[in-house]
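1. sequence isn't available, so here's the structure alone:
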């Protein structure tokens, strides 16, 4: 999904990318779960999209189908950037982790929106990137299209971020918003599934693992913590009672799944938030408040997921890498 | 106020600035409404702060008092950056405009938090900066310490901002928040004055001129519009009736002074906003929502003013300039 959205973006933005940033990206290889297609002259993106949509796999693209393994291609192809988009696996980070490491070792810059490898091994991946002098960008891992990490790193320079907290998972926020309106947990989960906001196996969201992974990535990048998933004290929303939500509502609060980092402690848990607090957003929105030493509290709010939104984060990272290569 | 806060920041952050950014800024001249003090070896910042606090003017600093005019000093002193902090004047932009132009013409980079010159002559000032190949930074003019302009320029790259709207003036937002709680306009204005949020002559805030100036700056920078104050359709909050606020409240809305830009039309006027909308913030907060082609709506919220907050924006600009000089 994200891959296809990204290719659509490249097609629709090609003029802007060239005029505004001097970039004319060429896609020299593309892999999915069935195989790989590659072409040193650059793949025809319209054809690639069509093949994927109609025939379900890029290997139907044509005569250029690559029969070597994915790692072979990552290591040996002549490319500046590898974009790693396999699904998040928070148990061992695979196969993303192996792809990323192979790309780094062969001197390629890496963009990923896969949370698994970073949530499990942030410090060692950053070291490997530095050692190989390549750029490693992952702004889509936290906040999807909402540039939460970029904001913290770029916009708050010269200030000291003391702590941050926020809503990092849209699915649970949708469910809790529905419970605030009066549904119980089971009803709200069913509603989220019907709307396509919760997957069949929604434990990654419901039990807080997705928020934990994002919190780990943000705490490493923003606060220079050397943390991993197991450092986070985690409580999901499965046991949030409708009566508790209603009692808090009477006090002017909503229960939200809040991920927080104070530079030492990492916690994900449902807790009451004043409805007047800027992070108290509804539905599938994400929201994070950074508390800074001088500029005070700054909140950033936006959609945390979606194919096109996340694809826009990849384009952002690509432009950054281009600028870094140039300077 | 902002100047003193900035000097305090330089003092308290000197170690960080050196370690994190390789900067060791030297203040070679300082002017206030009474005169100028300068020293090529760098002024003693502790002494400077003390003199300003106890004796009201920097000219009491000591033997280094400069008897030449301010323009002479701006043009002839050996400095990389001029920080222009005179009060905003939206009639003709003076004396800030003349200071900025003198600095640019003598090849100095410029940082300002003064809205006047930019609100009146954004395009020509940007051209002058480009012609003289100097950096011109003004992130504190919109949002104070909240990096609204930075966010739009840096974090939303690769996407297209279609429109933006928000609350750009904290004083009027405080007054409207109090009216939402039941006060009438006169009572709310008095409350804001007592708390120090409204000045004696509060027409710049109340009648919307401050929001207009910020909207003009943002529309030029973010949307490349060549606009000025007179292009904005302006309505202040003086005539907002308590009954209207209460009627909207019953419908789940609050009246807010909204500044909006759709790439063509620039408007500042009080209008109803759903209390569920992320930009519907309380008190002296500022909030802006950017609507982007791919990443959807992104909202940024923070305190829009305050001496230390605005001073932090100057430090941010200074670090940026340092990085630009280096690369």
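-> On my side now, so go ahead. As the structure is a computational prediction, the values presented were derived from the model and not from experiment.
2. what ranges do the helices span in the stretch 151-300 of chain A?
-> Per DSSP state H, counting those that start in this stretch, the stretch 151-300 of chain A carries helices over the ranges A:170-180, A:185-194, A:203-206, A:209-223, A:242-250.
3. count the residues that sit near the nearest residue to residue A:192 once chain neighbours are set aside.
-> Among residues not flanking residue A:192 along the chain, residue A:198 sits closest, at 3.9 Å (C-beta to C-beta, 6 or more residues apart in numbering or on different chains). The C-beta positions use only the backbone N, C-alpha and C, and glycine is treated the same way. Close neighbours of residue A:198, defined as other C-beta atoms under 10 Å in any protein chain shown, add up to 21.
4. please apply the same query to residue A:130.
-> Using other C-beta under 10 Å, residue A:130 has 11 neighbouring residues.
5. same check on residue A:250?
-> For residue A:250, the neighbour count with other C-beta under 10 Å is 7.
6. likewise for residue A:181?
-> The burial count for residue A:181: 11, using other C-beta under 10 Å.
7. repeat for residue A:33
-> Residue A:33 has 10 nearby residues by other C-beta under 10 Å.
8. phi, psi of the spatially closest residue to it that is not a sequence neighbour?
-> Once flanking residues are discounted, residue A:33 sits nearest to residue A:57: 7.7 Å by C-beta to C-beta, 6+ apart. Main-chain torsions, residue A:57, degrees, to the nearest 10: phi -140, psi 150.
9. the residue in the stretch 51-200 of chain A positioned nearest to chain B: what secondary structure?
-> Closest approach between the stretch 51-200 of chain A and chain B, counting by C-beta to the nearest C-beta: residue A:145, at 3.2 Å. What DSSP: H, G, I helix; E, B strand; the rest coil gives for residue A:145 is coil.
10. my guess is it meets residue A:315, correct?
-> No: using C-beta atoms under 8 Å, residue A:145 is not in contact with residue A:315, being 10.0 Å away.
11. what sits in contact with each of the two?
-> Listed as contacting both residue A:145 and residue A:315 by C-beta atoms under 8 Å, 6 or more residues apart in numbering or on different chains are B:159, B:294.
12. out of those two, which sits in the busier spot?
-> residue A:145 (29 against 25).
13. what residues are up against whichever residue of the stretch 201-327 of chain A sits closest to chain B?
-> Relative to chain B, the nearest point of the stretch 201-327 of chain A is residue A:295 (3.2 Å; C-beta to the nearest C-beta). Contact partners of residue A:295, counting by C-beta under 8 Å, 6+ apart, are A:156, A:159, B:144-147, B:302-303, B:308-309, B:312-313.
14. and the closest residue to residue A:272 other than its chain neighbours, how many neighbours?
-> Using C-beta to C-beta, 6+ apart and skipping the chain neighbours, the partner closest in space to residue A:272 is residue A:253 (3.9 Å). Neighbour count for residue A:253, taken as other C-beta under 10 Å: 19.
15. next one: residue A:253 relative to residue A:236, how far apart?
-> Distance of residue A:253 to residue A:236, computed by C-beta to C-beta, to the nearest Å: 19 Å.
16. quick one on the thing from earlier: quick one: closest of the helices of the stretch 151-300 of chain A to residue A:138.
-> Among the helices of the stretch 151-300 of chain A, the nearest to residue A:138 by C-beta to C-beta is helix A:209-223 (7.1 Å).
17. so what pairs up with the closest residue to residue A:277 other than its chain neighbours in the strands?
-> In space, and not counting its chain neighbours, residue A:277 is closest to residue A:289: 7.9 Å by C-beta to C-beta, 6+ apart. Beta-bridge partners for residue A:289, by DSSP bridges, are residue A:165, residue A:299.
18. residue A:167 is in contact with residue A:289, correct?
-> No: applying C-beta under 8 Å as the test, residue A:289 and residue A:167 come out as separate, 9.9 Å apart.
19. list residues touching both of those two?
-> Shared contacts of residue A:289 and residue A:167 (C-beta under 8 Å, 6+ apart): residue A:279.
20. higher neighbour count, the two?
-> Neighbours were counted for residue A:289 and for residue A:167 using other C-beta under 10 Å; residue A:167 has more, 25 against 20.
21. report the buried residues of the helix or strand hosting residue A:130.
-> According to DSSP states H and E, residue A:130 maps onto helix A:115-131. Buried positions in helix A:115-131, judged by neighbour count with 16 or more other C-beta atoms under 10 Å in any protein chain shown: A:115-122, A:125, A:128-129.
22. from those, which two are the most distant?
-> The distance between the two most remote of the buried residues of helix A:115-131 (C-beta to C-beta) is 17.5 Å, for A:115 and A:128.
23. count the neighbours of residue A:163 for me.
-> Residues lying near residue A:163 (other C-beta under 10 Å) number 16.
24. so what's the residue count around the closest residue to it other than its chain neighbours?
-> Nearest non-adjacent residue to residue A:163, counting by C-beta to C-beta, 6+ apart: residue A:262, 4.3 Å away. For residue A:262, the neighbour count with other C-beta under 10 Å is 14.
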